[in-house]
Structures are given as C-alpha cells and as structure tokens.
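Student: Here is a sequence together with a model predicted from it:
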Amino acid sequence: MKIYTRTGDSGTTGLFGGPRVAKDDSRIEAYGTVDELNASLGVIRAAIDLQTQQPCDESVQGGLSALDAKIVQVQHELFSIGAELASPHPDQFDLRVIGQPHIQRMEEWIDTAERDLPPLKQFILPGGSMVASQIHYSRAVCRRAERRVISLADAVQSETPISDSVIIYLNRLSDWLFVASRWVNQIATVPEQIWEKP
C-alpha cells in the first residue's frame, strides 16, 4: 500500500463511505483529535516501559503492567471510535461498537482506583512522575477530543447523529485518566502538588 497518494494535496480528504471534505471539517477535527489522544496514550505506554525497566518494587511493576494492559484496550476502542466518526454513515458499515458495557467497565476502573486514593479535597496541579504527567497530558487531550465530538454532534444533528455512547465514553475516559494519574503518583510515592491561589 502506497503511503502518499497526492489526493489530499488540495486540502481535502475522503470520508469512510462518504464524500471528500476539507481537512479542517468538523468531522476531521473530531476523529483527528481522537487519533491524537490515541497517540498520546502510546507515549504513556513508552513511559511505563521505561519505568518498569528501572529497579522498582514488584507491586509497582505489577501495577504499571496492569495499567499498560488497560491503556492498550482503550487504544483499540479509540481506534473504533475514530472509524465511527470518520464515516457519515456508520450504521451502514456496522461501525458503532462502543456502548454501555465499555462505559460501565471504565466506571469500574475509576471506582477501583479511587478506593486506593485519599479523598481529593483541593485542586492539584498536573505533574508528578513521568508516567503520571503524561497521563495528565492525555487527560487534557481527551477533554479536547470530547469537545470536538460534541461540536461535530451539533453540526450533524439533522443527518446521522453521533452516538451518545461515544461522548459518554470520552467523558469517562478523561475521568479515569485523572484518577489513574493520581494512582500512579501514589504507587510511585510522588506527592501531589496542591494548587495554591497566587
């Protein structure tokens, strides 16, 4: 398969099972930001790999390995979301695969991680260990992806609507990433930086 086709040189791209649109179309913005989120999760996995190569407690290593497996699962799901968003006719191509079971599993991950964390009573600054910091960054990208998908949903209301499950999933994902960043800092014994009003 050839990587360059020259078909996008005029600033347009083809949708899956649909017409060509401008590369800054709201649909392209939505699935492009989901792709960016997926790539940022890959950077987390690379940071986890580096961390687990360092001498560390077995429970930390096991915890990070379990986190890595969850992130891979999310990456596969985000790829499916990208495919759904890339088509103006996702039902025609059976592209709607993310639903309530995925959202419920994400909520279970959040609940499990929160049981190990002290209650959050103040705002915290993004940061801490390298892995936690990258998770915080992915959380911010996830929030942007959610905004882009909501903009797309508003733009295509009268056509094929965007699945509510996609929006809810991205919302839960950003919540899980926030909790995961706190959890990683805790197992790495890195204290959270409390926000101080200037």
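Tutor: Okay, I see it. Numbers count the residues shown, from 1 in each chain.

Student: use CA for all of it now, contacts and neighbours both
Tutor: Fine.

Student: helices or strands next to the helix or strand Trp176 falls within in the packing?
Tutor: Using DSSP states H and E, the element containing Trp176 is helix 164-187. With contacts defined as 3 or more Cα pairs under 8 Å, 6 or more residues apart in numbering; DSSP states H and E, the packing partners of helix 164-187 are helix 58-85, helix 100-115, helix 130-155.

Student: Taking helix 58-85 as reference, get the angle to it.
Tutor: Here the directions of helix 164-187 and helix 58-85 differ by 160 degrees (axes from the mean of the first three to the mean of the last three Cα atoms, to 10 degrees).

Student: just to revisit the earlier point, single out the most deeply packed of the helices and strands packed on helix 164-187.
Tutor: Comparing the helices and strands packed on helix 164-187 by mean neighbour count (mean count of other Cα atoms under 10 Å), helix 130-155 ranks first with a mean of 21.

Student: helices and strands around that one, which ones?
Tutor: helix 26-53, helix 164-187.

Student: C-alpha coordinates for stretch 39-56, PDB please?
Tutor: Provided in PDB are the C-alpha atoms of stretch 39-56 (Å, rounded to 0.1, in the frame of the first residue of the first chain):
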ATOM      1  CA  ALA A  39      -1.000   8.600  20.100                       C
ATOM      2  CA  SER A  40      -0.600  10.300  23.500                       C
ATOM      3  CA  LEU A  41      -1.600   7.000  25.100                       C
ATOM      4  CA  GLY A  42       1.200   5.400  23.200                       C
ATOM      5  CA  VAL A  43       3.600   7.800  24.800                       C
ATOM      6  CA  ILE A  44       2.300   6.800  28.200                       C
ATOM      7  CA  ARG A  45       3.000   3.200  27.300                       C
ATOM      8  CA  ALA A  46       6.500   4.100  26.300                       C
ATOM      9  CA  ALA A  47       7.000   5.900  29.700                       C
ATOM     10  CA  ILE A  48       5.600   2.800  31.500                       C
ATOM     11  CA  ASP A  49       8.100   0.600  29.600                       C
ATOM     12  CA  LEU A  50      11.000   2.900  30.700                       C
ATOM     13  CA  GLN A  51       9.800   3.000  34.300                       C
ATOM     14  CA  THR A  52       9.400  -0.800  34.600                       C
ATOM     15  CA  GLN A  53      13.000  -1.200  33.200                       C
ATOM     16  CA  GLN A  54      14.200   0.600  36.300                       C
ATOM     17  CA  PRO A  55      14.700  -1.200  39.600                       C
ATOM     18  CA  CYS A  56      11.400  -0.900  41.500                       C
END
